[in-house]
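>>> Predicted model and sequence follow; I will ask about them next.
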Amino acid sequence: MSSVADRVDAALEFSVFGSFTRVGSALRRRLDHWAPLDERSLAGRVIVMSGATSGLGLEAARAFARMGATVEIVARNAAKVEATCAQIRQESGNPKIGFVVADTGDLAALRRAASDLLQRHPAIQVLIHNAGALDDDRQTSPQGIELTVASQVVGPFLLTGLLLPALRAGAPARVLWVSSGGMYSEPLSVERLEMSARDYNGTAAYARAKRAQVTLAALWAARLAADRVSVHSLHPGWADTPGVARSLPTFRSVVGPLLRTPAEGADTLIWLAVDDGAPLQESGRFWLDRRTRPLHRLASTRRSDTPEERERLWGWAVRKSGLVI
């Protein structure tokens with residue numbers, strides 16, 4: 001059965017469409033005999049996550065709450081996150097659902113949020129970077145960084161560094177970056193990462209940020225291996241979320257019923273956060289549907305991913321974030 005599952009998985013990956021839609025999720029669930037996750041107990045574990053007021057993040061937060069975790073949501077809209085937390089508490093019967101208010105693109109706000117979180121939780125077991133949006137118009141953060149890069153690369157990088165004392169105290173711990181299959185289209189290029197107003201393209205900016213996320217996750221993994229902090233990145237496939245409906249309406253109408261449900265899209269994220277097997281035994285990997293995946297599908301992006309460019313990205317993130325390491 002294992003060889004059959006491997007062959008089916010390889011065929012799905014080759015097709016892309018079959019892999020990323022709910023077809024891939026359904027077949028892999030059956031052939032790989034996915035263990036159910038809701039039966040796990042997360043009592044005593046603290047999970048901090050961004051992007052949890054809708055879509056995949058909300059689905060994951062609900063699952064963590066049902067399993068008894070303490071969940072802290074990082075969100076920019078105070079009223080929305082307060083209502084979300086109240087709803088999750090009521091649905092799950094778990095009172096340990098809190099929040100801090102910060103836009104992940106605002107570095108000053110993230111520093112305040114991290115300080116609050118460290119005061120509340122000396123030990124954190126899971127940090128999830130899920131916030132992200134695809135915007136057609138170029139915007140800048142309060143610190144003057146192009147907003148897609150600020151909110152999806154620089155901000156998460158800073159928050160990871162600021163919460164390291166609690167992650168080390170919570171070891172074995174994990175940091176998870178929710179990327180996108182869109183990153184396969186873009187090479188790793190620090191010079192091209194922060195797009196100017198003249199050449200700005202929202203789809204390209206998003207894909208470049210997602211490529212940078214995957215690279216930074218691998219770089220963090222190498223640096224934190226001795227601390228028993230596993231770092232992974234993943235992509236959820238093509239899921240029907242409010243973000244997709246807002247940013248990619250044509251794509252949504254074409255793919256239609258083959259889009260994954262939020263629960264299907266969130267499965268690998270939840271699994272990486274709660275399973276104490278492979279997610280803790282390995283680090284620095286890129287995942288889809290509970291299997292590791294290659295970082296490249298194109299020769300052009302593979303050529304760009306050099307040790308020198310990776311270290312250039314790390315140095316750039318340190319400078320932009322102001323993180324003292």
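That came through, no problem. Numbers count the residues shown, from 1 in each chain.
>>> going forward, measure contacts and count neighbours with C-alpha atoms only.
Will do.
>>> Now do the helices in the stretch 151-300 of the chain.
Assigned by DSSP state H, counting those that start in this stretch, the helices in the stretch 151-300 of the chain fall at 155-162, 164-169, 190-193, 202-224, 242-247, 249-255, 262-274, 278-281, 299-304.
>>> Just the C-alpha atoms of stretch 100-109, please, in CSV.
Output of stretch 100-109 as CSV, limited to C-alpha atoms (Å, rounded to 0.1, in the frame of the first residue of the first chain):
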residue,chain,number,x,y,z
VAL,A,100,-3.0,40.8,21.5
VAL,A,101,-3.6,43.6,19.0
ALA,A,102,-0.9,44.2,16.4
ASP,A,103,-0.6,44.4,12.7
THR,A,104,2.1,42.0,11.7
GLY,A,105,3.5,44.7,9.4
ASP,A,106,3.9,47.2,12.2
LEU,A,107,7.2,46.5,13.9
ALA,A,108,6.5,48.8,16.9
ALA,A,109,3.2,47.1,17.5
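>>> check contacts around the closest residue in space to V244 that isn't next to it in sequence.
Once flanking residues are discounted, V244 sits nearest to R252: 6.8 Å by Cα to Cα, 6 or more residues apart in numbering. If a contact means Cα atoms under 8 Å, 6 or more residues apart in numbering, then R252 has D240, V244, A245, L259 as its contacts.
>>> if we can go back for a sec, okay if I get the helices of the stretch 151-300 of the chain as JSON lines plus distance to L176 and mean pLDDT?
Formatted as JSON lines, the helices of the stretch 151-300 of the chain follow (distance: least, Cα to Cα, whole Å; pLDDT from 0 to 100):
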{"stretch": "helix 155-162", "distance to L176": "10", "mean pLDDT": "98"}
{"stretch": "helix 164-169", "distance to L176": "12", "mean pLDDT": "98"}
{"stretch": "helix 190-193", "distance to L176": "21", "mean pLDDT": "97"}
{"stretch": "helix 202-224", "distance to L176": "8", "mean pLDDT": "97"}
{"stretch": "helix 242-247", "distance to L176": "20", "mean pLDDT": "72"}
{"stretch": "helix 249-255", "distance to L176": "26", "mean pLDDT": "75"}
{"stretch": "helix 262-274", "distance to L176": "8", "mean pLDDT": "97"}
{"stretch": "helix 278-281", "distance to L176": "10", "mean pLDDT": "96"}
{"stretch": "helix 299-304", "distance to L176": "23", "mean pLDDT": "95"}
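>>> Contacts only, for the spatially closest residue to I145 that is not a sequence neighbour.
Closest residue to I145 apart from its sequence neighbours, by Cα to Cα, 6+ apart: E194 at 7.8 Å. Contacts for E194 (Cα under 8 Å, 6+ apart) come out as I145, E146, V149, A205.
>>> From those, which land in helices?
The helices, defined by DSSP state H, take in V149, A205 from those.
>>> Run through who's touching stretch 220-237.
19-22, 167-168, 171-181, 213-214, 217-218, 260, 265-269, 279-280, 282-289.
>>> re earlier: mind checking which of the helices of the stretch 151-300 of the chain is nearest D106?
Ranking the helices of the stretch 151-300 of the chain by proximity to D106 (Cα to Cα) places helix 155-162 first, at 7.0 Å.
>>> can you pull the buried residues of that closest one?
G155, P156, F157, L158, L159, T160, G161, L162 (16 or more other Cα atoms under 10 Å).
>>> ditto for stretch 242-258
Residues of stretch 242-258 classed as buried: G243, V244, S247, R252, L258 (neighbour count, 16+ other Cα under 10 Å).
>>> L58 versus the fourth one, what's the distance?
Read it as R252. Separation of R252 from L58 (Cα to Cα, to the nearest Å): 20 Å.
>>> Also the first one?
Noted for G243: a distance of 12 Å to L58, by Cα to Cα.
>>> so where do the strands sit in this structure?
46-50, 70-75, 97-101, 126-129, 173-178, 229-234, 286-288, 291-292 (DSSP state E).
>>> The last one - which strands sit beside it in the sheet, and in what orientation?
Translated: strand 291-292. strand 286-288 (antiparallel) (DSSP bridges).
>>> quick one: the partner strand to chain centroid distance?
Averaging C-alpha positions (Cα atoms, centre = their mean, to the nearest Å) puts strand 286-288 11 Å from its chain's average.
>>> For the residue minimising distance to the centre of the chain, which residues are in contact?
By Cα atoms, centre = their mean, the mean C-alpha position of the chain lies nearest to V178, the distance being 1.8 Å. V178 sits next to I128, H129, N130, S233, L234, H235, P236, L269 when contact means Cα under 8 Å, 6+ apart.
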